[in-house]
Structures are given as C-alpha cells and as structure tokens.
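*Asks:* Here is my input; please provide its structure:
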Amino acid sequence: MGDVLSQSEIDNLLAALSSGELDADDYKQTNEKQIKNYDFARPSKFSKEHLRTLNIIFEHYARLLSTNLPAYLRKNVQVEVRNSEAVQYSEFTNALSNPVLLGIVDFSPLEGNIIVELADNLGYAIVDRMLGGGGYPLEKVRDFSEIEMSIIERIFNVCTNLLREPWATVIQIQPRLLRIETNCQFAQIISPSEMISLVTLNIKIGNVEGMMNICLPYVCLDKIIDKLNTKYWYSSMQTSDDQSYHEIIEVAIAKARIPLRAVLGKSSISVNDFMNMQKGDIIKLNAKVDDELSVYVGNLHKFTALPGASSGSYAVKISSIIRGEE
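*Replies:* Numbers count the residues shown, from 1 in each chain. Got it, this is the predicted structure:
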C-alpha cells in the first residue's frame, strides 16, 4: 500500500503544481496495457492449447523443410516457426498483395482445403536457383511466367508431401496440391468470416529471407480438434507402435556384417628373424595340432572350434560357445 499524505503535504503539492514547479505529465504511468477486443458473438474456436500443438507440429515440419529443400536448391535453407495465431480468413486475405503464391492443398481425409502462401521474393529466388543462378530475387516485382510457375509447382509439391510426417501422430493425411494461384481473389476456399489458424514460418534461402504462411481453416480441422492438445500429442508419441520399431531394428541388425576370425595360435619372434624370414621357414606356434582354436567375433572371444575343410576351403567346426559371464 502506498504512503498516505498528510493535509500539509497535499497543500504543498497542489501549490507546486499551480506554480509550475512540478509537471503532472512526468508522473503519469506510461506502461499502459494493450487491450484486445473480443467478439462474444464470434468467439475464437482455436484455444491456446490448439495453437501450441500446431506450433509443435510445424516445428517438425520446419525441420523437414530445412533438411529436404537443400537437395533441390543446392543451397543452405533455414526454416523456423515464428508464431501461430487464430484470425478470421478475411484478415489473412486482406494482408495479401498481388502477385502472390498461394498453394491450394487438399487435406484428405479431412474435409476442405488448406492454403500454403509463399513470399514472392522466395519464389523468384527459387526460380533463379533452379535455373542455375545464385538464388537472388528480382529488383522489380512482376508476374510469374508459365515456365517459372512450373518450377515453383515442383517445390510446392515437395512442401506438400512433407506435411504427412508431422501430422502422422494426429491423423494419417494424404495432402495433394490442387493448384497454385497468384491472385488472392481466386483463393476463396471458405467464407471471409470463418476462423482459421495461421502458422507463420520464416524461411531463409542463402541470404534471401521471407515468410511462408499456412492457413488452416477450422472447418478443415473440426473432426480432429480434440486431438490438438499436448496431452494427447505426447501420449500418442509414447504409445506409438514400438513393436514395429523393434522389428525394423532387429532386421537391420540381422543384415549387419561383422568380422569373424579363427586363431590357430600365437608366437613371438625377434625383429631380426622377421627381417630375414624366407619362403619355407617354419614358425612354431604355442598351440598343438589337436588343440581347439579360439574364434573371435570382432574383438570378443565367443567360440572354440576344431579346424577342418569344407568344399575345398579352410573351415572350422564350432565345438563350444563362450558366454559373457564365463
């Protein structure tokens, strides 16, 4: 609780303000809170939990883009998630300018489509890089030609196919690029007043930096909206098909090649004897003819065996197995 002023202190303060010795503006609070209007008639359908889960999904997607796009562009690509927010579709379309790159993506088996918007400077940089240039945007903005659009469509298809893996924990989707629009007026997939989740990615191709926006309408995610929470997300990750991973690992290990060697015996000689060794010389080993051989897997002594031959080749017959505890 603040200090309580006496009547004399109040009178002195008022006198100082009247005489101009004190300025009331200096004592005003400048850290005003930002107030955001909330429309109770059209409440937001995406909670903070939903947006947080979408952020996790597209962080995975950003890592896939950073890994896969350099294979096509032959240049370093860095992708990171900037933010995810719930807005009306009209707010998204009103912020677009022409020309624009809008990929209309079928989000089967979910109903409806989503939109992937790519900044035009990134589009010009991709075209320049794919045609052998340094990957730089144009100084003056112009419409994309048909050849340039076919090149950009190839990259859009790559970005569309990479959506499957991040969404696998929530639902198995089969995304398909329907078309690319360069005019936002031809991309009215839902009503302007409908709510969408807008996920913004920052993409850096070499020294060229721009944004990719993914527009996810609520009507498209309505059937799985209950799964878009971190509790379901992490529980699904923990209860994923662990058995299939075990089988894959077992098959991979079973096909691995490992060195196997049988030691007839050991001997030590001087360097002088080694330097003067001739063809036909005999080296005496520390093992007898009827002794069992030591068989090593890598550097581990795992078996004992008897020497022999098989199909005209030297061979050994395993006589015992040496366990780890032995």
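*Asks:* in the stretch 51-200 of the chain, which spans are helices?
*Replies:* If you assign secondary structure with DSSP state H, counting those that start in this stretch, the helices in the stretch 51-200 of the chain sit at 89-94, 120-130, 146-161, 164-167.
*Asks:* For the shortest one, which residues meet the burial criterion?
*Replies:* Read that as helix 164-167. When neighbours are counted by 16 or more other C-beta atoms under 10 Å, the buried residues of helix 164-167 are found to be 166, 167. (C-beta placed from N, C-alpha, C; glycine too.)
*Asks:* Please list the outside residues in contact with it.
*Replies:* Residues lying outside helix 164-167 but in contact with it, judged by C-beta atoms under 8 Å, 6 or more residues apart in numbering, are 57, 58, 60, 61, 64, 172, 173, 174, 175.
*Asks:* Phi, psi for residue 10 please.
*Replies:* Phi and psi for residue 10, reported as degrees, to the nearest 10, are phi -60, psi -40.
*Asks:* and it, how far is that from residue 19?
*Replies:* Per C-beta to C-beta, to the nearest Å, residue 10 is found 15 Å from residue 19.
*Asks:* returning to that earlier point: scan the contacts of helix 164-167 and report the most crowded one.
*Replies:* Per-residue neighbour counts (other C-beta atoms under 10 Å) across the contacts of helix 164-167 peak at residue 58, which has 26 neighbours.
*Asks:* returning to that earlier point: in TSV, list the helices of the stretch 51-200 of the chain along with mean pLDDT and distance to residue 279.
*Replies:* Rendered in TSV, the data for the helices of the stretch 51-200 of the chain read as follows (pLDDT from 0 to 100; distance: least, C-beta to C-beta, whole Å):
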stretch	mean pLDDT	distance to residue 279
helix 89-94	86	85
helix 120-130	89	63
helix 146-161	91	63
helix 164-167	89	62
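*Asks:* a markdown table please, covering those helices and showing distance to residue 71.
*Replies:* What follows is the helices of the stretch 51-200 of the chain, written out as a markdown table (distance: least, C-beta to C-beta, whole Å):
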| stretch | distance to residue 71 |
| --- | --- |
| helix 89-94 | 31 |
| helix 120-130 | 12 |
| helix 146-161 | 9 |
| helix 164-167 | 16 |
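*Asks:* Could you single out the most deeply buried of those helices?
*Replies:* Each of the helices of the stretch 51-200 of the chain was given a mean neighbour count from mean count of other C-beta atoms under 10 Å, and the largest, a mean of 22, is that of helix 120-130.
*Asks:* who are the neighbours of that one, in terms of helices and strands?
*Replies:* The contact analysis (3 or more C-beta pairs under 8 Å, 6 or more residues apart in numbering; DSSP states H and E) places helix 120-130 against helix 48-73, helix 146-161, strand 195-205, strand 208-217.
*Asks:* let's see it at 6 Å
*Replies:* In terms of contacts (3 or more C-beta pairs under 6 Å, 6 or more residues apart in numbering; DSSP states H and E), helix 120-130 is packed against helix 146-161, strand 208-217.
*Asks:* Out of these, flag the one nearest residue 323.
*Replies:* With C-beta to C-beta, the closest approach to residue 323 among those belongs to helix 146-161: 49.1 Å.
*Asks:* Quick one: distance of that closest one to the chain centre.
*Replies:* With C-alpha atoms, centre = their mean, to the nearest Å as the basis, helix 146-161 stands 20 Å off its chain's centre.
*Asks:* Residues in contact with it: which ones?
*Replies:* Outside of helix 146-161, the residues within contact range by C-beta atoms under 6 Å, 6 or more residues apart in numbering are 103, 105, 123, 126, 127, 130, 175, 177, 180.
*Asks:* Return the member of those residues nearest to residue 322.
*Replies:* When those are compared for distance to residue 322 (C-beta to C-beta), residue 175 comes out closest, at 54.5 Å.
*Asks:* Tell me who's in contact with the closest one.
*Replies:* With C-beta under 6 Å, 6+ apart, residue 175 has these contacts: 105, 107, 160, 163.
*Asks:* any idea which of these is closest to residue 290?
*Replies:* residue 163 (68.0 Å).
*Asks:* so what's that closest one closest to, chain neighbours aside?
*Replies:* Closest residue to residue 163 apart from its sequence neighbours, by C-beta to C-beta, 6 or more residues apart in numbering: residue 175 at 4.7 Å.
*Asks:* State the distance from that neighbour to residue 136.
*Replies:* The spacing between residue 175 and residue 136, counted by C-beta to C-beta, is 30 Å.
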